[in-house]
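Visitor: Got a predicted model here, sequence first, then my questions.
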Amino acid sequence: MKNYKRYLITSALPYANGPVHIGHLAGVYIPADIYVRYLRLKKRDVLFIGGSDEHGVPITIKARQEGVSPQDIVDKYHNIIKSSFEKFGISFDIYSRTTSKIHYETASEFFKTLYDRGEFIEKTTDQYYDEEAKQFLADRYITGTCPHCGNESAYGDQCEKCGTSLNATDLINPKSTLSGTPPVLRSTSHWYLPLDKHEAYLRNWILEENKDWKTNVYGQCKSWLDQGLQPRAVSRDLDWGIPVPVEGAKGKVLYVWFDAPIGYISATKELTPDWAKYWKDKETCMIHFIGKDNIVFHCIIFPAMLHAEGSYILPTNVPANEFLNLEGDKISTSRNWAVWLHEYLEDFPGKEDVLRYTLCANAPETKDNDFTWKDFQTRNNSELVAIFGNFVNRALVLTQNYFGGIVPQAGEFNDFDNVTFNEIASIKKNVEESLEAFRFREALKEAMNLARLGNKYLADTEPWKLIKTDEGRVKTILNISLQITANLAILMEPFLPKTAESLRKMLNINQFEWETIGSLLLPVGHKINQAELLFEKIEDSAIDQQLERLTRIKAENERKNTKAAPQKEPINFDNFSTMDIRTGTILEAEKVPKTTKLMKLKVDTGIDVRTIVSGIAEHFTAEELPGKQISVLVNLEPRKIKGIESQGMILLAEDFSGKLIFVVPENKTDNGALVK
RNA sequence: GGCGAGGUAGCUCAGCUGGUUAGAGCGCAUGAUUCAUAAUCAUGAGGUCGCCGGAUCAUCCCCGGCUCUCGCUACCA
């Protein structure tokens, strides 16, 4: 490990529109916490920074839905998140928030510095504006009919029904969610960070100087850099956020991704007046723990910001994890498909470390992984209870029974004793190597090997037999066994802090330092306390209860999905009769090259033969389409799609699973028959 | 479609720059054992290393093509 003077460890700021779930923990907070605890044990100078990300549009929407202020929303979730982290044992030196005063000052100042230095470019674009509410509308504030699936309540950035990502200008009959009135286009100007200007620098920094980053991170960055970086807007028209600190920027705030990473800096400032040396001294090792969705922000955008500012260091590493699934399905806040930390803490009191263990042992380090309750139970029962807890219990109970809880005097070590004892130091080394390479699951497995070693040592030496014939030998054996438990109490501290603490209490030790691992930690004659169980078995009933909850949620989601969409607003007959729908027959079909969904169709509409482009290629093959009679909206204004002019729209029904079905005449009929 | 990551024992994953019989944990089977929360210890069974082709004396690891999963991105009138 390169010897840095100090360490600055950040973990991604959780977004304060919901509580924290196991995906966050496995991907970010547990690895970060393990790493930090390890550094502290090594007596390194380290700061562990966290906080809530509290700006951005989704929070304002949530506030509006619940009829409260954005501040109410972030207060609520910030408190839930903060206290659940505390109870769980994520050992932040500070857990701050981006609505804090110091953050407003820091972020403004940061922006101002870049602004004064001419690091931004200003651009004017057209955006939807709500004349009644007198404000510009973020994409999320606009709803309308999805041009793809007809869902009436699609958002300006995405239709949640069909998953299509949209531009606000794509929506049919756009409506402002603020006033309900149709918005108008109005020009507005914003500041952009020209990432392209820093591209060469970033390319060299990541691709040449940081080849040792995790392959998923390195690959993702390379992909972005190869595509070429574009200027990115750093401001938005919104009333929730940090005001752009520039003359004439009324009603504009910093875009949330710009202010959020600066939150790491402001939190450090809030923590210590010495903050600058952690951010600006080359001898600081800065590490961002994040999930894979954050790679571009932490490896490209934030470094570009820091580099543009000029006085800051860049991260030494950004160990991003993949995603964790739950029982085979993606974790989703909106579908309530998650194990929430604050609920877990209530359902499994005192079992914080069991979750830490399971999530670390199965962390999505190289690819997406699956969390199952069954696996959780197995890991607890057959690893924590059977291997770790059991060994500790054996060693302590034997000592209690034979020597009244006093560490006995060891005789001379024989070869086997030496081999066993020396193994501790080698396990320490393996754990270090794994941790320093951010391979936490491997590190944990290696640490568990010390407990395995203990069990094997007892099985091989059989003190319960020897006690009848050779008490001196038993003293040596138990001395060594106890030394192993004491070493475990330190070695396990980063991974299972609460367990390590109770183990130290049992052993009656309070000094613990990483570098002492591998030595005789308990002096002869030392009194240990009564043995208590470190872990208890988790019964099927507790697991079944969790599984039942998930089954219930799944059923609820299904019910929501299979409910037909509500009726659209009423129209009159004239509205309807403006639509010219005809029967037609597909003559030719051909997949549009270089697209996934697009099919180019030649259709006989009875009026003429025309070209229609339709997004059906995932549902039908080009071969099965010709000859099929269908319904066509013929007077829809033509639109160029992928360079092909589409003159009409094929009518399709979409079922709940997203499957498309042609709307066809019951019997074959003439092309051009009017549908009315 | 473009890009990135992944596809290795029933499950979850290791396999560094190609070199004799491909590894671990859990699960499973058999045996040993009783100090311990029926926990532990030993042994064993299980793999055409996604598919096809190529280069090489030799490849899970290199090259080409295909396929599946996840993510980013384009597209959906």
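Guide: Done, it's in.

Visitor: how about low-confidence regions in the stretch 551-676 of chain A?
Guide: Counting by pLDDT under 70, the stretch 551-676 of chain A has low-confidence residues at A:558, A:560-569, A:593-596, A:618, A:655-659.

Visitor: Could I get the full set of helices for the stretch 1-150 of chain A?
Guide: Under the criterion DSSP state H, counting those that start in this stretch, helices of the stretch 1-150 of chain A are mapped to A:22-24, A:30-41, A:57-66, A:70-88, A:101-116.

Visitor: Can you confirm whether stretch A:402-416 lies near RNA strand B?
Guide: No: using Cβ under 7 Å from any atom of the strand, stretch A:402-416 never reaches RNA strand B; the gap is at least 9.2 Å. In short, each C-beta sits where N, CA and C put it, glycine included.

Visitor: Need the distance between the two termini of that stretch.
Guide: 22 Å (Cα to Cα, to the nearest Å).

Visitor: Show me which residues of it are buried.
Guide: By 16 or more other Cβ atoms under 10 Å, the buried positions in stretch A:402-416 come out as A:402-403, A:405, A:407-408, A:410.

Visitor: What's the separation between the closest residue in space to A:E86 that isn't next to it in sequence and RNA strand B?
Guide: Of all residues not flanking A:E86 in the chain, A:Y95 sits nearest, at 7.9 Å (Cβ to Cβ, 6 or more residues apart in numbering). Remark: distance between A:Y95 and RNA strand B (Cβ to the nearest atom of the strand, to the nearest Å) = 27 Å.

Visitor: How about A:L478?
Guide: 10 Å.

Visitor: likewise A:R6?
Guide: Using Cβ to the nearest atom of the strand, A:R6 is found at 29 Å from RNA strand B.

Visitor: quick check: mean pLDDT across stretch A:406-418?
Guide: Mean pLDDT, stretch A:406-418: 94.

Visitor: Show residues contacting that stretch.
Guide: With contacts defined as Cβ atoms under 8 Å, 6 or more residues apart in numbering, stretch A:406-418 is touched by A:399, A:402, A:421, A:460-461, A:472-480, A:482, A:522-528.

Visitor: Okay, and which of those map to strands?
Guide: Among these, no member falls in strands (DSSP state E).

Visitor: List buried residues within those.
Guide: A:399, A:402, A:421, A:461, A:473-480, A:482, A:522, A:528.

Visitor: How about the residues of the stretch 301-450 of chain A by RNA strand B?
Guide: Within the stretch 301-450 of chain A, the residues that sit near RNA strand B (Cβ under 7 Å from any atom of the strand) are A:322-323, A:330, A:362, A:364-370, A:375, A:378, A:381-383, A:385-387, A:389-390, A:393-394, A:397-398, A:401, A:441-442, A:445.

Visitor: Likewise for the stretch 551-676 of chain A?
Guide: Applying Cβ under 7 Å from any atom of the strand, one finds that the stretch 551-676 of chain A approaches RNA strand B through A:594-598, A:612-616, A:633, A:636, A:639, A:641-642, A:646, A:648-649.

Visitor: And the residues you listed, which of them are buried?
Guide: So, by 16+ other Cβ under 10 Å, the buried ones in these are A:598, A:612-616, A:641, A:646, A:648-649.

Visitor: And the furthest pair within the residues you listed?
Guide: Comparing all pairs in these by Cβ to Cβ, the longest separation belongs to A:L598 and A:G648, at 14.7 Å.

Visitor: what's near enough to touch A:F111?
Guide: Counting by Cβ under 8 Å, 6+ apart, A:F111 touches A:234, A:244-246, A:254, A:258.

Visitor: Find me the pLDDT at it, would you?
Guide: Listed pLDDT for A:F111 reads 96.

Visitor: A:D157 too?
Guide: pLDDT at A:D157 comes out at 59.

Visitor: Tell me which of the helices of the stretch 1-150 of chain A lies nearest to A:T125.
Guide: Between A:T125 and those, the tightest spacing by Cβ to Cβ is seen for helix A:57-66, at 17.1 Å.

Visitor: Reduced to three states, what does A:T583 come out as?
Guide: strand (DSSP: H, G, I helix; E, B strand; the rest coil).

Visitor: Look up how far A:E666 lies from it.
Guide: 11 Å (Cβ to Cβ, to the nearest Å).

Visitor: and the two? which has more neighbours close in?
Guide: Between A:T583 and A:E666, A:T583 has the larger neighbour count (other Cβ atoms under 10 Å), namely 21 against 5.

Visitor: Not including adjacent chain positions, what is the nearest residue to that one?
Guide: A:A673 is the one closest to A:T583 (Cβ to Cβ, 6+ apart), at 4.4 Å.

Visitor: Which secondary structure element of chain A has the lowest mean pLDDT?
Guide: strand A:154-155 (a mean of 64; mean pLDDT, DSSP states H and E).

Visitor: In helices only, show me the buried ones among the contacts of stretch A:406-418.
Guide: Taking DSSP state H as the definition of helices, the buried ones among the contacts of stretch A:406-418 contribute A:399, A:402, A:421, A:461, A:473-480, A:482.

Visitor: Show me the two of these that sit farthest apart.
Guide: The farthest-apart pair in those, when distances are taken by Cβ to Cβ, is A:Y402 and A:F421, at 20.1 Å.

Visitor: what comes into contact with the helix or strand hosting A:E442?
Guide: A:E442 belongs to helix A:440-461 when elements are defined using DSSP states H and E. With contacts defined as Cβ under 8 Å, 6+ apart, helix A:440-461 is touched by A:30-31, A:34-35, A:357, A:360-363, A:365, A:383, A:387-388, A:390-392, A:394-395, A:398, A:416, A:420, A:423-424, A:427, A:430-431, A:434-435, A:477, A:480-481, A:484-485, A:487-488, A:491-492, A:495.

Visitor: Need the buried ones from those residues selected in PyMOL.
Guide: Buried subset of these, written as a PyMOL selection, criterion 16+ other Cβ under 10 Å:
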select buried, chain A and resi 30+31+34+35+357+360+361+362+363+365+383+387+388+390+391+392+394+395+398+420+423+424+427+430+431+434+435+477+480+481+484+485+487+488+491+492+495
